[in-house]
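S.K.: Pasting the sequence and the predicted model now:
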Amino acid sequence: MKAIKYAERGLTMIAGGLFDSIQVINKYKPNPSFTPKWSDKPLLKSWQKTKPTLGWPRTTDSLCPNCVIEARQDILDGKKDVLVLLNEKVGEIKAQIVERDGQIWMIKDCPSHGHFEDLMAIDAKFLKHIEATFPGRDIAAHNDEALHNHGSSTVRYGRGAVLTVDLTNRCNMMCDPCFMDANQVGFVHELTMDEIKEILDNAISIKPRRQMSVQLSGGEPTISPHFIEAIRYARKVGYNSVQAATNGIEFAKSKEFCRQAAAAGLRYVYFQFDGIGNDANSHRQVGNLFDVKLRAINNLHEAGVEIVLVTTLVNGINNDQVGSIIRFALDNPKKIAFLSFQPVSFTGRDEAITPERRLQQRYTLSHLAYDVKNQVGITEPTRDWFPLSLMGAFADFADLVHGPNSEWGQVSCGCHPNCGVGTAVMVDKETREMSPVPAFLNIPGLVKDMQKITDAARGKWASNIMMGLTLLKHYRPFNAPSQFNLYELFKKFDKSFGLTGKNYGKVSGDRSKDDIEIRRADRWNFLFIAGMWFQDLFNYDFRRTEMCIIPYGTQEGEISFCAYNTGIGWRNIIEHMHQNATVAKWYDEHGRHEIFAGGKKVPLSEAAHKLVLNEVDLARPNKPEMEGPKTAHEEKVMMRKLYHEMVLKQQQIKSDNGDKPVQIQGLGRKKEAAAVAL
């Protein structure tokens, strides 16, 4: 193999010279951009892409946490009309993003509620690198006025990458943290099948009409009676990817349910996965949750569904699990292809978090990059991590190659560089040998040259040939896994973007089990490691909201993920507007759904699985220890205790002979008038 590596190295040098020579000619008189069927505006050249103000110090538009909570409550109480959110800048204040002691902070002041500040990055160099490699915004959203009309929270750019549809706010768990405060709001909000169809039909009317992954979410989407039919309908209207954001309980309980979902067209599960071992999952309050996770992965993979592990990271709670989860994926490359780490967003049950706990538990994208390096020993934070929006440059190239007659644009991650980051590892499924992709592929150089190809717009095959040359130019064969070669590199690229028309197994709604097996036959697992940081009221930035790539499809249009779950709290408002019934009435008419909490175990027909587990990670030797309350529930318990101890000033008053009654100091009364005999 070493001789082949030397030959490949020679080819890379030749290809580099040839590509650069072509560009001397190519940069003159580039072809004009065409307007594809899926857009009413032409494809953008790289120099036409706009960017928000980046760097620091900078000023942006943010929110006062207290003003927002008060305004939201006024709307929920009927004191204000929801239209104020469209016509007024409710709760909006300016924020400064500054560097302080090598870190990046957001600081803001409200005339009514005072000073707020929060950490954005532990390393200014990391965030500077991420922002410097941002390629620019996607085509502005258009033909979208009916669905994008939410005042300052309106989505203004691109089409998004994931359309989230909450089927129900009911859940079979009681988690903390929880975006939506599931099972605790006093009413049920659950979409009918007609409403689901309307949301999906509306979604394909927006331009640019790009492929998105339709994510069925909740609550727990699998307990919706329309779950299977919703999958089938999303596939029917043309979406190539349907996924479920799930805790996996229903999938663990039933192989048949997994098969039904796969047959309907479920392609991925966006799978809640907090760590390795039941201890790392103990804060979810399900007695055997890790066993449930393993069984669900086993059942889903067997049915033909791919697994994306999703981990909410809370500093001092489970930040030690970054390395454990990556090792789990590396040890099981045939079953795990994507990791999504989500630094905690203090919203839902955690919106009223104390400043002390917030700063203790705050976890940023820069924390993630350094934890990957320190816990796994791979990647350099300021070299091997990039904004998720860098994938937009690859989508631009694929859009060019697919031509003006394509019915759909490529999935494009055009989010703000402060929203998400990613890196990747190439793993040999047979030997488990791996190498970080940026180690053997010069990503910045590749993207820069790819933009030159896209800007020149020379047509499908000329562009494909030039793309092959630039892949060669930036390939470093000696840093790749030993069995990886140029053919595998070209095949991976072609498989991802469908550039040549070769059959790698269909992903469309009419795919078969054979198509799934053909795609899985690939020896190489491109393990993508992503960090997606959703905002909360303490770090809110409207420049991020308007570029959202994860809009929620709702009965009131499509709303940015952060504006829906945090921000002004559109979720609370819309679910109140469209609630089906109070919880009591719902239970009376439909019966209670099962909830696993308080240490209750999920009954499993069998616990066997075929996954490789690391014994050291199961033992969790580096478990973080955090002082004080760790959750909103523990905080409430502590506050009640302090209230009794400090406000009520409970005292046990004893007489000399011990026969006088205990007395309690009353609130706001004089001591002599407040004694009450028990």
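M.R.: Perfect, thanks for sending it. Numbering: from 1, shown residues only.

S.K.: what comes into contact with the helix or strand containing residue 461?
M.R.: Assigned by DSSP states H and E, residue 461 belongs to helix 460-473. With C-beta atoms under 8 Å, 6 or more residues apart in numbering as the test, helix 460-473 has contacts from 11-12, 14-16, 18-19, 22, 26, 397, 400-401, 403, 441, 445-446, 449-450, 453-454, 456-458, 486, 489-490, 493, 499-500. Yep, even glycine has a C-beta here, placed from its N, CA and C like the rest.

S.K.: Give me the buried entries from the residues you listed.
M.R.: With burial judged by 16 or more other C-beta atoms under 10 Å, the buried subset of those is 11-12, 15-16, 19, 22, 26, 397, 400-401, 441, 446, 449-450, 453-454, 456-458, 486, 489-490, 493, 499.

S.K.: Out of those residues, list just those in helices.
M.R.: Here DSSP state H is the test, and these give 11-12, 15-16, 19, 22, 26, 397, 400-401, 446, 449-450, 453-454, 456, 486, 489-490, 493 as lying in helices.

S.K.: gap between stretch 66-83 and the chain center?
M.R.: 28 Å (C-alpha atoms, centre = their mean, to the nearest Å).

S.K.: 20 is where my numbering starts, stick with that
M.R.: I'll keep to 20 as the first residue from here, and by that count the last item is stretch 85-102.

S.K.: CA atoms of that stretch as PDB?
M.R.: The C-alpha trace of stretch 85-102 is given here as PDB (Å, rounded to 0.1, in the frame of the first residue of the first chain):
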ATOM      1  CA  ASN A  85     -36.900  39.600  32.000                       C
ATOM      2  CA  CYS A  86     -38.700  41.800  29.500                       C
ATOM      3  CA  VAL A  87     -39.400  38.900  27.300                       C
ATOM      4  CA  ILE A  88     -40.800  36.700  30.000                       C
ATOM      5  CA  GLU A  89     -43.100  39.500  31.200                       C
ATOM      6  CA  ALA A  90     -44.300  40.300  27.600                       C
ATOM      7  CA  ARG A  91     -44.900  36.600  26.800                       C
ATOM      8  CA  GLN A  92     -47.000  36.200  30.000                       C
ATOM      9  CA  ASP A  93     -49.000  39.300  29.100                       C
ATOM     10  CA  ILE A  94     -49.800  37.700  25.700                       C
ATOM     11  CA  LEU A  95     -50.700  34.400  27.300                       C
ATOM     12  CA  ASP A  96     -52.900  36.100  29.800                       C
ATOM     13  CA  GLY A  97     -54.700  38.000  27.100                       C
ATOM     14  CA  LYS A  98     -53.500  41.400  28.200                       C
ATOM     15  CA  LYS A  99     -51.700  42.000  24.900                       C
ATOM     16  CA  ASP A 100     -52.400  40.800  21.400                       C
ATOM     17  CA  VAL A 101     -49.900  38.500  19.600                       C
ATOM     18  CA  LEU A 102     -49.700  41.100  16.800                       C
END
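
S.K.: pLDDT averaged over it - what is it?
M.R.: Stretch 85-102 carries an average pLDDT of 95.

S.K.: tell me which residues in that stretch are buried?
M.R.: 86, 87, 88, 90, 91, 94, 99.

S.K.: The fifth one: what's it in contact with?
M.R.: Pointing back at residue 91 there. Counting by C-beta under 8 Å, 6+ apart, residue 91 has contacts 587, 588, 591, 592.

S.K.: since we're on the first one, how many residues are nearby?
M.R.: Same thing as residue 587. 29 (other C-beta atoms under 10 Å).

S.K.: how close does it get to residue 101?
M.R.: 10 Å (C-beta to C-beta, to the nearest Å).

S.K.: likewise the last one?
M.R.: With distances defined as C-beta to C-beta, the gap from residue 592 to residue 101 amounts to 6 Å.

S.K.: what residues are shared contacts of those two?
M.R.: Shared contacts of residue 592 and residue 101 (C-beta under 8 Å, 6+ apart): residue 94.

S.K.: first to last residue in stretch 523-536, what's the distance?
M.R.: 10 Å (C-alpha to C-alpha, to the nearest Å).

S.K.: List the buried residues of that stretch.
M.R.: 523, 524, 528, 530, 534, 535.

S.K.: returning to that earlier point: for the buried residues of stretch 85-102, which one is nearest residue 408?
M.R.: Of all the buried residues of stretch 85-102, residue 408 sits closest to residue 87, with 26.9 Å by C-beta to C-beta.

S.K.: Could you count how many residues lie near the closest residue to that closest one other than its chain neighbours?
M.R.: Leaving out its chain neighbours, the residue that sits closest to residue 87 by C-beta to C-beta, 6 or more residues apart in numbering is residue 110, at 4.1 Å. Neighbours of residue 110 under the rule other C-beta under 10 Å: 24.

S.K.: if I look at residue 110, how far off is residue 414?
M.R.: 35 Å.

S.K.: same thing with residue 538?
M.R.: When residue 538 is compared with residue 414 (using C-beta to C-beta), they lie 20 Å apart.

S.K.: quick one, which of the two is more surrounded?
M.R.: Shown here are residue 538 and residue 414; by other C-beta under 10 Å, residue 414 has more neighbours (22 against 16).

S.K.: show me where the stretch 70-219 of the chain has helices.
M.R.: 84-95, 103-106, 143-151, 212-222 (DSSP state H, counting those that start in this stretch).

S.K.: Nearest approach to residue 387 belongs to which of those?
M.R.: Among the helices of the stretch 70-219 of the chain, helix 143-151 comes nearest to residue 387, with 9.9 Å by C-beta to C-beta.

S.K.: Based on its surroundings, how many neighbours for residue 631?
M.R.: 13.

S.K.: wouldn't it be in contact with residue 349 here?
M.R.: No - taking contacts as C-beta atoms under 8 Å, residue 631 lies outside contact range of residue 349: 9.4 Å.

S.K.: Contacts only, for the residue nearest to the spatial centre of the chain.
M.R.: With distances taken as C-alpha atoms, centre = their mean, residue 551 lies nearest the centre of the chain, 4.5 Å away. Listed by C-beta under 8 Å, 6+ apart, the contact set of residue 551 reads 359, 360, 361, 407, 438, 439.

S.K.: Need the three-state assignment for the closest residue to residue 184 other than its chain neighbours.
M.R.: Leaving out its chain neighbours, the residue that sits closest to residue 184 by C-beta to C-beta, 6+ apart is residue 572, at 4.7 Å. Secondary structure, DSSP: H, G, I helix; E, B strand; the rest coil: residue 572 is strand.

S.K.: just for the stretch 520-669 of the chain, where's the confidence low?
M.R.: Applying pLDDT under 70 to the stretch 520-669 of the chain picks out residues 662, 666-669.

S.K.: 80 instead?
M.R.: Where the stretch 520-669 of the chain drops to pLDDT under 80, the residues are 648-669.

S.K.: for the stretch 320-469 of the chain, same thing?
M.R.: 368.

S.K.: residue boundaries of the helices in it?
M.R.: 340-350, 374-380, 384-395, 400-403, 410-421, 456-459, 462-475.

S.K.: what number of residues lie near residue 548?
M.R.: Neighbour number of residue 548 under other C-beta under 10 Å is 26.

S.K.: Now it. Its backbone dihedrals?
M.R.: phi -110, psi 110 (degrees, to the nearest 10).

S.K.: from memory it sits against residue 441, does it?
M.R.: Yes - the criterion here is C-beta under 8 Å, and residue 548 meets it with residue 441 at 6.4 Å.

S.K.: picking that back up, now the residue nearest to the centre of the chain, which residues is it bridged with?
M.R.: Using DSSP bridges, the bridge partners assigned to residue 551 are residue 439.
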